[in-house]
Each structure stands twice: as structure tokens, then as C-alpha cells.
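Chemist: Give me coordinates for this.
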Amino acid sequence: MKKNTTRITQPAKSAKRKASPASSTPSFPIVAIGASAGGLEAINKLLQNLPPDTGMAFIYVQHLSPDHESMLSSLLAKSTKMKVQEVKNGMTIAPNNLYVIPPDKEMKVTDGYMRLSPRPKKPKFNLPIDKFFTSLASAHKENVIGIILSGSATDGTLGLKAIKQEGGLTMAQDDSAKFSSMPESAIAAGIIDLILSPDKMALELAQMSRHPFIRSNGHKEIRKDDIDDDSPDLKMILTLLQKASGVDFRLYKMNTIKRRISRRMVLYKLKTLKEYVNLLIEQKGETDILFQDLLITVTNFFRDAEACTYLKATLLPRLFKNKSPGDALRIWIPACSTGEEAYSMAMIILEMQDSKFQSIPVQIFATDLNAQAISKARIAIYSKQEVENVSPKRLQRFFTRSDGGYRIAQSVRDICVFAPHNVLSDPPFSRIDLVSCCNLMIYFDTAAQKRAMATFHYALNPDGYLQLSKTETIGGSTELFAHLNKKFKIYLRKKTSRNWMLPPKETRYTEQPAQQPGIKKLTGNTIYRPSKALSAEATSFINTIDSLLLSRYVPASVVVNQQLDILQFRGLTDPYLAHPAGKATLNVLKMIRPEIAFELRNAITKAFKTKQLVRKQGIEINGGAAIITLEVLPLTSEWNESLLLIVFMQQLQDERLVKGKKETSATQNNRRIKKLEEEIAAYQDELRMMSQNHEAAMEELQSANEEVVSSNEELRSINEELETSKEEIQSASEELATSNQELQTRNELLNESYLYSEAIIATIHEPMMILDKQLRVKTANKAFYKKFAVNAGATEGICLYDLGDKQWDVPVLRAMLEDILQKGTSFYDLEIEQSFPGIGKKILRLNAKPIIQPTHREQLISLAIYDVTEIITVQRNEKRMLEDRIDVQKKTAEESKKADDHIIQEQKVQSHKFEQAVQLRTEELHQANELLEEKNNSLKSINKELEAFAYVSSHDLQEPLRKIQTFAHLITETESKTLSPKGKHHLDRMIIASGQMQTLIEDLLAFARISIGESQIETIDLSPIMESIVISLKEVIDEKKVTMEVKEMCKARIIPFQFQQLMRNLINNSIKFASPSRSPHIIIEATLAKGSQLNIKDLLPQKSYCHLSITDNGIGFEQEFGEQVFEVFQRLHSKETYPGTGIGLAIAKKIVENHHGIITATSELDKGARFDIYLPG
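Modeler: Model (predicted):
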């Protein structure tokens, strides 16, 4: 159980604080989600599968560009029914809400509130997820669930580590992540509980929200499912842990242990402690996982900056001054975790020795219960996030780059020794000057704290110091230590009158043997049954006796590995072992006293070779003052590592030595000679063994030397090849860099060309579409959809011949398009005449050209469409009118001639006076014919002028205007950032003015075309036409929230195109002049009636008429303007109030007149207007 954290405070101190409601632990879990690239898709999947009422709060942190205008809230709101909101500074956290980090901000949780701060402009590492996760874990402890989704780099790993260390749960996205760096980094760190896809994460969260331990967090006064300290199931779990790991957790604080057990139960969806005990029995690996979970490994480099400054400026110089040259400064760091604290201490000391204290060697002993943490400390490689607190100067001096991380320099590692060690059970170090034990006492109960303090007191020199963290105290051990600095918790070892002995190990529960009556063997699927434990008094008594016997009568011993490094100390080893001066080491041959070294080396060699017990007797130490026996016993560990147990036993001196006065000089000499002979024999055996080993080693070295020479030649050859490859790679890299730069430039040019082309196509007024080689519509411009009243869904991806009512399936068009596909030809001005749904009969001129794409080998066809219906109609009407007038003239002349002949024959008898009158009449008719011909020529000229005007308006006037609009919009899109405010104002006015001019030209053109007239009148049902008109105006209707009410329709004789234009003008007019105080409401109705029933002047009484009415609730107008509104350029309001050209109603009247009908307007100010149209039926 461990260590090194400042996040958990002591209950005694926390009780003194008066917590605000916001700062108290919430009664609901908080799910923190971090993501980067590809995270939006993942979070959407998670939210789509997540119930909105889990009772959890969700906070989403994503890497955002500082200049990015965030749309995350609106995007995520589409995937969940929870309230989604962007975090504001000082916002509190509520359940069933989703909070999103804003751009260009860093976020932390302080005192229960979310705090925002500006993102640093040039941070060393931008890690918003780590920073937020860490602060959230510190504030809300085990109530946090951390999730890492798709993303690049490693942000989030340290944050998840902090969450797990505080007892929270962690998840990471599986291989479904588009960018796997972030989740893979967290998984590789070994801190992930669940690896799932986003949709399965949602299901897991939903299940967790209903788990009793999750639901009860924050309601400790009502927790029915809390674990009882006296629970036999809890006792069994601790027993299983001790048997598997050798660590007795019964002296640790139970609340922390119970939180960790609850956490494992949540992951396995277990609701009772008994179920978890059975799981531990059935799955042996779970015991190891729980053991690692209980070993809290929280540490950082230079974690407490102020304490480090105090050590460097005050405490360490004091320790150095008390040392003489060559006398080592010895520091012990229990609970060192992964080594950051030990290495930080070493760096501080090396910086101090730059200027002084160089003659004093330093030894730092760093120990920890967690063997995995010790292994990482020995490797000494740390990630970028783990060295975040290291200054650039120290990073450059004390670290080297290694495998994407940083490795501690050799000079730092040389003074640090790492070893597994249990403070509560293993023998302590001795002659220590400083013990730095931070954040370990907070996990011990009172008895364990007392034992640890006694251990430290024993290990320290008389003037040694003890350092604790700011959240810890010495508790009841005031007889052992005195305060030196209360702020940094520095204590001075007291010289006590009592001879303090390490207290016996006290536990809450009796250890249960592996198999005893009442307990079945814990294997397979067997369910256990606990037996009755011994009373607390009996347990304490037995443990006290055991501890006394072990400390008094068990001989000193050590356990060493194959490298002869000491792994464990047993008993009092000071008479036999001592730490040498210089570089710190735990090698037994370097620590053994010189008198024992030879015998020990010989015994170790034999023990390794024979695998048998080796005993050496009669070894004199301290100048013959004591005689010892040395035993070396080979051991085999669970992981098959060869170990040796070295036992030191005091040997009683020979009685003859005790009775030395009675021994003769000869006897003493004989005994001395015999001992020397034994030593010589031992030396000879040792020399013989060494000689044999030397010969074997020489042979191996000779063989190895030959292999090295051969390998050296191969390596030299490989090195030359690598040098050549390196040059080739460098050359290729330079070429790739140049090519990449060129490709980037080309890509930018292509992008500019694409945007330019898109802008031009979007502003073309003529319909246009692109066909693929199967003649399917790939795309079409806005003008096409507007002209033919269709949408993209009903057009794109569909064969040209299948569009609408298959009106494009024209044989001649088929043939021409096939020629393009087969021969790559083009065609121009292909004229077709077809009827189209919703817009009637149209005459079109088509131009088509192939588009060749050499890269993708995709053949496309560009098809441009020009509507010439009005132009052709005008030409046909002109021709028809001319032919009709010629016939009339011819008929008139023939009738006149017949009349003249009749008169001449009938009036031959008349007087000369009548002959003169006839002659005069003939001259008048001749003049009338000439006048009629002049009128016809004049009408013909007017028609030609109108046609020319239409062309000029369509091309000569509109084309320059289109270019003005196109380039104005391009300037807006590409250059607006560089324009001054005044320039932007002028540009905006130019765009508005050009739009108004375009509208005016289009309206004038429409008025001119209507004036020419169109004689193709058809009897048509108005219902489908009205439906088409409403659909074409759907966007403006929806935008203005117009209520359209189309009632009964009838049949009428109309010109379809002009009638559609008439209705669009009147509906747009009603929408434009809508009242600002109410939503527009338009009613359209058409009925058949006789002229006599309509009571309208100029209507024939017996003729049938279609009476069409359009009524709105707009602003209306005074009735005195009822005729004036139909005049060209007539406006009743200013352009600023209601923009327009003043031609719309004039066009409407002209269309009605072309239909030989009548239009009237009635209105009342601020109540609406009504337009009545009467068309012949």
C-alpha cells in the first residue's frame, strides 16, 4: 500500500476545515472524457447509446485550436437528450449534464467549481486533458470515471493515472479509435480498467450507474452496502492477499482498502463482498491485480518545490558540514515509488557539490514495497509528461533522450540504490543521516505508524533528521522526535534514555492458515467458510512472544541473488556487514568484514557449484575476540531465480581458551599450527578451484575472442553499408522534402483554382450539370434546380434519361451524347422542345463538351442548358402576326375591288358626279392600305427592338454585372481580412447595389417579354401548378414563417409560364409587405362563375370566368391607390423600408391583360390586401 501522494488529507485536519457545499464530495459520479483527433465521432457514438438519466455528470475535454470557434456544444446536442453547455468560469457540476471545454482555455476543478484560465501561448507541452483529469481526481477522489477516446500523442495518461490512484475507474477506446496514440499510451502504462468501443462504454456506464457502490458514493451516512470492518469476508480477502504477496495489509487504514475493493467489485459488476471473495479464489490473477491496486504509486520530480528549496538551502548544508572528508552522507527514502523523489534528491545534492562538499561521498537508499515500481526506478526512463516539473536546465544536465522519453544520467544513478523493502517487517538500514518519508504515514493506522517511527529512530544517527509530507505528523511518537521546522515537517531524532526496540507487529485479525478445520482448501470453484478467530488479546500476546523470540534467538542472516546483491536482512547484521565508503552498494562481498570475506567468497562459490549447504567454522573476527560459524544455503524462489541464504552464528570459544592458564605453551602452539594447516589447506583448495576456473575461463575467453574478431569484421562491413544507406536515405529525404514542398504549393494552387471555379459556377444563371460515363447526373448548379423546380436528392446519381417524366429521353440527344462518350466530340446549340413537370413546355438549346481527367481516368460530360422559349415564341408570334396582316390586306383589297366593279356596273347611268365620288373613295382606300402597311412595318420594327432589348438585357447588360458580382464576392472571401473598415463598407455597398441592379434588369426584361405577348393559351387545372409554385417558394415561406392556405382550384385558359410568374409576383408581394406584428397568412382560391354573377364592369355577362383571389394580412394600403399600384415604377413606400423595383405589380397586370382578363386591388391600411383576377374560362 503506497505512497507518495499529497492528494489524501488526514481526517484530523480535514475535520477542522469548514467545507462549502460546492467543495464537498458530490453525491453522483463525474465522467471525464478526453479526446483529440477522431474524438468527435467516438463521443457521438458514446452519447447516442447512453441514457440521458444515468445520474452522472459528463465533462468533455478535446484538443481545440486557439483560433477555433467552437461548435462542439451544438454538435453534441444532436446526439444526446442531456443538457449540453460550454463551461463558463465558476460553473458548478450537476448530474445528467454534459459540459464542454471552450477553445483557447485550460480548465481545472478548484473548491468544487470549474475554473477556466487562458491557455499559455507557447507551452512546453499542451496537456489540457492531463491537467483537468488530475485536478478533478484531487477534488472528487473515487467519484471520478476517466475515459480516453481517439487522439494523437499521449495526453490523458497521467490524468488517468491520478484518477486511478485516487480510487476512480478508467477506460480507454479499443482499436476502433481512428487515432490510437492516446488510448494506446494509457493502456501501455497499465492504468486502464476497461478497454471498450464507445458504444460498449455507454452500456458499461449505464450499468455502473445502477451499481450500489457507485450510487452510494457521497452518501456515507446512508450506505447500506458499505463494507464492515469486522466482516469475515474482508478478513478472508486480507488473508488471501497476505498469502499471495507476503504483505500484511491489516495495519493499513481500512477505508482506503475498502474503496479499492469496492472499485474492483464495480468492474466485475459484483454486489456483495462474498461474490468477490469467490472470484479471488477462482481467479488467482485477480489477487495480484488487487495487490497492485492497493499499492498507490503517486510521485513526481521536485513535487514540493518549497520543501526542495529548504533542503538545498538549509538542511542538506547542515548535514554536509557535520561530515568529515571521506565520511559518507547516507539518506534513506522509504516508499520511493518509481524513483522520482530519490532522483530529485540526488540532483539537488549534485548541484550543491558543484561548488563545495565534493570530498563527501553520498549514498541514497531508495526502497519500496512495490517490486514493479522499483524495476521502473532502476531502468530510470520517464515519459515527457513525467518530467514536466523538471526545469529545462536540469533536464539538459541530468537527463538523456531515450526511446521517446528521458533517462536519468549515469552520474545521478550512481549514488542511488533501489531495493524492495517493507518498512513494517524488514530490518531497517543503519547509520542514516536523513530519512525522507513522504505520504506513507497517511495510509497506516496508529499501530503501524508507531512501528514505522521506531524503525526510523533506530535507523537514524543520533543527530539524524526525519522529513515527512505537509499532511503528515509523527503522531504519538513525540518521545522519539522533536520538531525542527513545522512548515516543512522536519524532525530531529531525540536521544532517549530508553533503549527503543522495534515494537511487535500488531494486526486486527488472526492469520488463518492455508487449511484448518472449518475451511475447505481454496482451489477450483470451492466456496470458503470462515472459522472463528482468536480473541484480540490472545493474538496480541502470541505476536509479542513471537517477535521477542525472533529478535533474541534467531541468528543474523541475509538473502542474496546470483549477483550477490542483498535482497533481505534478518536479525542484527551490524557485527558482520557494513556499508563501505564511496559509491552506494548492497553487494554482500563489498559490505562483509575483511576477516570474513575470503571464507564467504569460498563458501558462496561452493554453494552455487554443488547446490548443497556449505558451512565454515572457526572464523575469528575483531582480532579473535569472537568466533563465528558461516552457513551458505542455496534457495530457489517461485520465479526460479537462484538465491542464497547466508547465516552468521556466534560460536562459543573452546574451553581450553577459557582455561588458558592451564594450557601449556606447546599445546597452544600445536593448536595454532593445526589451525594454520587447516587455513593453508583451505587456501590450496581455493587456489585449485580458482586455477580450474581460470583455465576454463581462459578457454571461453579465447573462443569468445575469436567470435569477437569475426563479429568485429562483420560489424565493420555492416557499418560501411549503413553509412552508405545513411547517405542514400539523407539524399532521398532531401528530395522528398523538396517534392513535398512542391506538392504543397501545387495543392494550394489547385485549391485556389477549385474555389475560383466553384464561385464562377455558383454565379452562372444558366442551368448546367455534369454527367458521368453512365450518363448519371454527378452534380448540377443552383440555376438548374431553380429553373426546373427540382432538388439535388431527386437529381444527383440518377440517369439523365430517367429524370422527371423522362422528358430528357430524346433520341437526338441520346445520339449526340453517345458520340461524345465514344469519339470525344462536342456539340453546340442542339435545340429540343419538351414539356417539364411544374414549368410546362420549354424550348432549350444544349451545349455539351467532354471533360477528360487523365489522373483518375474518369470521363465526364459538361451539359449547359439555355432556355430560349421566350425568344422562339416571340419570333413565331412575329411571323404569325405578319402573315395574318398580309392576309387581311389581301382580303381587303379583293373586297374593295369587287365593290368597285359592282358600283361601276350599277351606276353606269349615274351622273359624272357619282363617278368622281367613286374615284375619291378609291384613293382614300388606297391611302388606308398604305397606312395599314406602315403600321404593320412599325409593329415589326417594335418586335425586333423588343427582341434585341431582351438579348441586350440578358447578355450585354447582365454579363458585366455578373462579373462585378463574382469578383466582389471573391474579394469578400479572400481579401476581406486585409481591407480597412472603410474599404469593407464600400465593398458591401457595391455588392448591395449590384444585386439591386440585377433585380431591376431582370424585372425590366420580364416586363418587356410579357409585353411581347405569348399566344399559347391552354386550358389547364390550376391545382398542380399552384403546388409547384408553393414548392418552389418553400425556402422563403419557411424563412418568413408564412401560413399558406390554398383552397379550391378550378380550370382556366392560361399561358403556363406567364401564369406561374404572375402568382409568384403576387405571393412574393404579400410576403414582402407582411405586418411586423403578426405572422404572414396568405389565402388563395379560384372558382368558375358567369360574368353576370361577378358584377365587374367590362366582363361579358354570359361568358364563364375563372375568379382567382389572393388575400393577405399584411400592412395593406389606402384604397385611393388601388389603381396606382399597377403602374410601372410606382412605389408606396421608400426603398429603405421595403426594397424593390416597383415593376412587380405592373408585370402582373400585363400578364393578366395578355390573358384578356382583368385584375383589381382592394385594401385597408394595416389589415391586408386582396387581389382579384378574372380570366376567361
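Chemist: Please enumerate the strands of the stretch 251-400 of the chain.
Modeler: 329-333, 362-368, 381-382, 399-402 (DSSP state E, counting those that start in this stretch).
Chemist: Could you do the stretch 451-600 of the chain as well?
Modeler: When assigned using DSSP E, counting those that start in this stretch, the strands of the stretch 451-600 of the chain occupy the ranges 460-467, 481-485, 490-493, 556-560, 566-570.
Chemist: can you tell which of the ones you listed is closest to Ser176?
Modeler: strand 566-570 (44.6 Å; CB to CB). Quick note: C-beta positions are derived from backbone N, CA and C, even for glycine.
Chemist: For the stretch 651-800 of the chain, which segments count as helices?
Modeler: 655-658, 665-763, 782-787 (DSSP state H, counting those that start in this stretch).
Chemist: cool, and the stretch 1-150 of the chain?
Modeler: Using DSSP H, counting those that start in this stretch, helices in the stretch 1-150 of the chain cover 11-14, 39-48, 72-77, 128-140.
Chemist: quick revisit: possible to save the strands of the stretch 451-600 of the chain as TSV with mean pLDDT and distance to Leu241?
Modeler: Formatted as TSV, the strands of the stretch 451-600 of the chain follow (pLDDT from 0 to 100; distance: least, CB to CB, whole Å):
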stretch	mean pLDDT	distance to Leu241
strand 460-467	92	29
strand 481-485	90	31
strand 490-493	93	32
strand 556-560	90	22
strand 566-570	86	20
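Chemist: Kindly reformat these as JSON lines containing distance to Ser355 and mean neighbour count.
Modeler: Listed next are those as JSON lines, based on distance: least, CB to CB, whole Å; neighbours: other CB atoms under 10 Å:
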{"stretch": "strand 460-467", "distance to Ser355": "22", "mean neighbour count": "19"}
{"stretch": "strand 481-485", "distance to Ser355": "24", "mean neighbour count": "15"}
{"stretch": "strand 490-493", "distance to Ser355": "23", "mean neighbour count": "21"}
{"stretch": "strand 556-560", "distance to Ser355": "39", "mean neighbour count": "20"}
{"stretch": "strand 566-570", "distance to Ser355": "35", "mean neighbour count": "18"}
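Chemist: returning to that earlier point: columns distance to Pro392 on top of the strands of the stretch 251-400 of the chain, output as TSV?
Modeler: TSV is the format used below for the strands of the stretch 251-400 of the chain (distance: least, CB to CB, whole Å):
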stretch	distance to Pro392
strand 329-333	25
strand 362-368	24
strand 381-382	15
strand 399-402	10
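Chemist: between these, which gets nearest to Ala697?
Modeler: Nearest to Ala697 among those is strand 362-368 (32.2 Å), distances taken as CB to CB.
Chemist: Can you spell out which helices and strands pack onto the closest one?
Modeler: On a contact count with 3 or more CB pairs under 8 Å, 6 or more residues apart in numbering; DSSP states H and E, strand 362-368 meets strand 329-333, helix 340-352, helix 371-379, strand 416-420.
Chemist: would you turn those into TSV with distance to Gly618 and mean pLDDT?
Modeler: As requested, the helices and strands packed on strand 362-368 are exported to TSV (distance: least, CB to CB, whole Å; pLDDT from 0 to 100):
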stretch	distance to Gly618	mean pLDDT
strand 329-333	33	94
helix 340-352	42	94
helix 371-379	38	89
strand 416-420	32	91
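Chemist: Out of those, indicate the one that is most buried.
Modeler: Most buried of the helices and strands packed on strand 362-368 by mean neighbour count (mean count of other CB atoms under 10 Å) is strand 329-333; its value is a mean of 25.
Chemist: circling back: which among the strands of the stretch 251-400 of the chain is found nearest to Ser375?
Modeler: Nearest to Ser375, of the strands of the stretch 251-400 of the chain and by CB to CB, is strand 362-368 at 10.2 Å.
Chemist: partners of that closest one, with directions?
Modeler: Here strand 362-368 has these sheet partners by DSSP bridges: strand 329-333 (parallel), strand 416-420 (parallel).
Chemist: Save those as CSV, and put in distance to Asn96 too.
Modeler: Converted to CSV, the strands paired with strand 362-368 look like this (distance: least, CB to CB, whole Å):
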stretch, distance to Asn96
strand 329-333, 46
strand 416-420, 47
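Chemist: Mind naming the longest strand for this protein?
Modeler: Of all the segments assigned as strand in the chain under DSSP state E, the longest by residue count is strand 840-853.
Chemist: Run through who's touching that one.
Modeler: The contact list for strand 840-853 (CB atoms under 8 Å, 6 or more residues apart in numbering) reads 770, 813, 816-817, 820-821, 824-836, 859-869, 872-873, 1016, 1056-1057, 1060.
Chemist: Can you flag which of those belong to helices?
Modeler: 813, 816-817, 820-821, 869, 872-873, 1056-1057, 1060 (DSSP state H).
Chemist: Selection in ChimeraX covering whichever of the residues you listed are buried, please.
Modeler: A single ChimeraX command selects the buried members of those (16 or more other CB atoms under 10 Å):
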select :813,816,817,820,869,873,1056,1057,1060
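Chemist: For the ones in helices among the contacts of strand 840-853, work out which two are farthest apart.
Modeler: Leu821 and Gln1060 (35.6 Å).
Chemist: Which among the strands of the stretch 251-400 of the chain is found nearest to Val390?
Modeler: strand 399-402 (7.3 Å).
Chemist: So for Ser73, which of the strands paired with strand 362-368 sits nearest?
Modeler: strand 329-333 (47.7 Å).
Chemist: Measure how far that closest one is from the centre of its chain, please.
Modeler: With CA atoms, centre = their mean, to the nearest Å as the basis, strand 329-333 stands 45 Å off its chain's centre.
Chemist: Alright, I will stop here.
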